[in-house]
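> Compute the structure for the input listed below.
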Amino acid sequence: MSTKKVVIIYSGGMDSYTVLHLAKHEGYEVHAVSFNYGQRHSKELLYAEKVTRKFNIPHKIVDISSINQLIAGSSLTSNIDVPQGHYEEASMKQTVVPNRNMILLSLAVGYAVSIKAEAVYFGAHSGDHAIYPDCRTEFVSTMNEVCKIANYEAVEVRAPFLKSDKIEILARGLALNLDYNDTWTCYNGREKACGKCGACQERLEAFAGNNMTDPLEYE
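Below is the predicted model of the structure:
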């Protein structure tokens, strides 16, 4: 019997890295897709490429950066400084990219239909809920219903860590013996992680919560 296929929206960050390996661990044939949407931290795509090569996972990097003429205004894609401070602070709303997950999920679902995959996985988690509307339970639930009827072939949208925080996600990955040196989180795509943006702070809290030291180098 052939192995069931799934598509993973793989950013190269901690959450999608854990989701990728979780799906592999569950026995799925994993197909990774990464998107260049003009994010200033496009360095994460280099990490995604490295990991998929290392584990011989089929991987596509799709350039959709031209959509920035339509969805400007985020500090991740426009010439606006990335805010410092905790991940859940109101200032982090500057990092919201309009409609990003709906766009990425739509493209990934199209890919899933074309390769006869049963589901699309992505790495939304409970820590995202405060800032990102397209990571909330009601969005994922509704998108899942839409994607079951949008094509002749039903594709399920799965966010296995939707009710988990970053500490719990890291714990799950460590239990799978994953190497988080293979991930990039910082919203500033510089040589080393800044340690000050919300994404870095949440990552560092996750390692502290697991009594571990982050293997990444920080400025």
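
> drop to CA atoms for contacts and neighbour counts, all remaining ones
Noted.

> Which residue ranges of the protein form helices?
14-25, 43-54, 100-115, 137-149, 166-175, 198-209 (DSSP state H).

> Where does the prediction get shaky in this structure?
1-2, 40-41, 72-97, 128-130 (pLDDT under 70).

> Can you check which strand is longest in it?
strand 29-36 (DSSP state E).

> From the contact counts, what lies against that strand?
The contact analysis (3 or more CA pairs under 8 Å, 6 or more residues apart in numbering; DSSP states H and E) places strand 29-36 against strand 5-9, helix 14-25, helix 43-54, strand 59-63.

> strands paired with the last one, and their directions?
The reference is to strand 59-63. In the sheet, strand 59-63 lines up against strand 29-36 (parallel) (DSSP bridges).

> cool, the first one as well?
Each strand that pairs with strand 5-9, with its direction, by DSSP bridges: strand 29-36 (parallel), strand 119-121 (parallel).

> Just name the most buried of those strands.
strand 119-121 (a mean of 25; mean count of other CA atoms under 10 Å).

> And the contacts of it?
Strand 119-121 is contacted from outside by 5-9, 19, 105, 108-109, 112, 155-160, using CA atoms under 8 Å, 6 or more residues apart in numbering.

> what's the answer for stretch 179-189, then?
12-14, 17, 40-44, 47-48, 50-51, 76, 82, 193-195, 197, 199-200, 203, 214-216.

> tell me which residues in that stretch are buried?
180, 182, 183, 184, 185, 186, 187, 188, 189 (16 or more other CA atoms under 10 Å).

> which of the helices and strands packed on strand 29-36 is buried the deepest?
Most buried among those, counting by mean count of other CA under 10 Å: strand 5-9, with a mean of 26.

> and it with helix 100-115, angle?
Angle of strand 5-9 versus helix 100-115, following axes from the mean of the first three to the mean of the last three CA atoms, to 10 degrees, is 150 degrees.
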